[in-house]
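# what would the 3D arrangement of this be:
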Amino acid sequence: MAQPTFAAIDIGSTKICTVVAELTSANEVRILGVGVGPSQGITRGMVDNIHAAMEAISSSVQRAERAAGVRILSAHVGFTGPHVSSMSSRGIVAISDPRQPIAESDMDRALESARIVNIPNNREVVHVVPRYYVVDGQDHVTNAIGMFGSRLDMETHVVTAGSSAVQNILRCVEGAGVQVDSLIVGPLAAAEAAAEREELQHGAVLVDIGGGATDIAVFVRGTLVHTAVLPVGGEQMTGDLVVALRVPQPAAEQAKIAHGHALASLVDEGETVEIDAFGAEGRKEIPKRFVAQVLQARCEELLEMVRAEVRRGAQTELLAAGAVLTGGGASVRGLDLLAEEVLELPARIGRPRHLAGLSDLLNDPAYSTSVGLLRWALREQEIMLRPAPRARRGVGALFRKVAQLMRVVLPQ
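Okay, here's the model as predicted:
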């Protein structure tokens, strides 16, 4: 019997990645197909051109469909942006019959109670993540089901996002003919793929350095305590090289990937590299150490912003496992060493793990969020996600239905 398939779409500022997978009998995520395409119409995680973004998502989805040999009619969607913020909320409910053990329905009521938070009208709740429970004053209960008590408190981490930004993402995905199963904030997904359970248990910070934004998720005692998004990423590193070296953007990106280093002191002062440049000759020779100096300045600034954000969420003494760096920007050599200096924490580069099938295509920090979306989707029954949007009536709903029908009927 064929295993059911599910899909995830990671919407970033530099790339759109669609992954199709199935869950094997051994509870392993088996990758069936991957579709990666350049991002268009999205800046720092936010849509700034609906039609361009819609076409980019559609192209990525079609590539994944051809690779997997299946149609994608719905998917779990990952997004990010500076509009994402978080807060703590406690849900409190009374147990109707204290002689009966606490049931799952009581937990659901507590979760719904925690979801009621005071936020502006232009924001909405995306995630309500349970941290721990309190049963009749007994603190830090990990699972209250089966216990006895008359009052149940649930401490949660609530992630909110700008309503207009969320609606723009939904419009783009649905316009590409794909129904949104759930919306998932990037850093939560990245942590699922790149961080080990033991690291989260002993306290860790997940730093996902994307193209236009850097996502941060802080974990203490295995639970999420802080989420933030910084409007700085790999694009700013490349932009600095364009200005400092006076070279085109593609040449600066290539120099960053092939010759970049986050610690200039580790680069031989006499080494040079020839790259494309502006001007009459079109080529120029530059010292590798100078490239490293430019990158180090930007990386230090980014890591200092991360350090300030981490301290807002938790005391660094509680983060024994340190920092897990992932995302495309984490591929800069020496970044983990620089992070240990700036953050004053252990640091390592995190990659997707425990995959089967076409796993070699995703064995890179840049795809941690894409893989994490699949893992997060498997936990939907445990954590309340934003419910899938209902089809709106009118021309928009008709357009989406027609788009889905055309994707089923027409060959690619």
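
# low-confidence stretches in the stretch 51-200 of the chain?
Within the stretch 51-200 of the chain, no stretch has pLDDT under 70.

# what are the ranges of the helices in it?
Applying DSSP state H, counting those that start in this stretch to the stretch 51-200 of the chain gives helices spanning 104-115, 163-175, 186-194, 197-202.

# for these, which one ends up most surrounded?
Greatest average neighbour count among those goes to helix 186-194 (a mean of 29), per mean count of other Cβ atoms under 10 Å. From N, CA and C alone the C-beta is placed, and that goes for glycine too.

# that one - contacts with which helices or strands?
Judged by 3 or more Cβ pairs under 8 Å, 6 or more residues apart in numbering; DSSP states H and E, helix 186-194 is in contact with strand 74-79, strand 204-209, strand 214-220, strand 223-230, strand 322-326, helix 368-377.

# tell me the domain boundaries of this protein?
Per automatic domain parsing, the structural domains of the chain span 85-160, 197-349.

# what's the first-to-last distance across the shortest one?
Across domain 85-160, the straight-line distance between its terminal residues is 6 Å, by Cα to Cα, to the nearest Å.

# quick one: closest of the helices of the stretch 51-200 of the chain to Ala75.
Shortest distance between Ala75 and these, using Cβ to Cβ, is found for helix 163-175: 7.3 Å.

# from the contact counts, what lies against the closest one?
Checking 3+ Cβ pairs under 8 Å, 6+ apart, helix 163-175 ends up next to strand 5-11, strand 46-47, helix 50-68, strand 74-79, strand 123-135, strand 179-185, helix 395-409.

# parallel or antiparallel, which strands does the first one pair with?
If you go by DSSP bridges, strand 5-11 pairs up with strand 15-23 (antiparallel), strand 74-79 (parallel).

# to Arg298, which of those lies closest?
strand 15-23 (20.3 Å).

# Gly328 touches Ile209, doesn't it?
Yes. Assessed by Cβ atoms under 8 Å, Gly328 is found in contact with Ile209 at 7.0 Å.

# of these two, who's got more company?
Ile209 (28 against 23; other Cβ atoms under 10 Å).

# so what's the more buried one closest to, chain neighbours aside?
Gly329 (3.0 Å; Cβ to Cβ, 6 or more residues apart in numbering).

# now swap in Val36 and tell me
Cys17 (5.0 Å).

# quick one, what contacts the one you found?
The contact partners of Cys17, by Cβ atoms under 8 Å, 6 or more residues apart in numbering, come to Ile9, Asp10, Val34, Gly35, Val36, Ser60, Tyr367, Thr369, Ser370.

# most neighbours among those, which one?
Within these, most neighbours by other Cβ under 10 Å means Thr369, with 35 neighbours.

# ok, that one - contacts?
Asp10, Gly12, Cys17, Gly78, Gly186, Ala189, Ala190, Ala193, Asp208, Gly210, Asp215, Gly327.

# let's see 6 Å
Contacts of Thr369 were listed using Cβ atoms under 6 Å, 6 or more residues apart in numbering, and they are Asp10, Gly78, Gly186, Ala189, Ala190.

# quick check, nearest of the residues you listed to Ile145?
Nearest member of the contacts of Thr369 to Ile145, counting by Cβ to Cβ, is Ala189, at 26.3 Å.

# what number of residues lie near the nearest residue to that closest one once chain neighbours are set aside?
Distances taken as Cβ to Cβ, 6+ apart place Gly372 nearest to Ala189, at 3.4 Å, with adjacent residues excluded. Neighbour count of Gly372, defined by other Cβ under 10 Å: 28.

# likewise Glu55?
There are 17 residues near Glu55, going by other Cβ under 10 Å.
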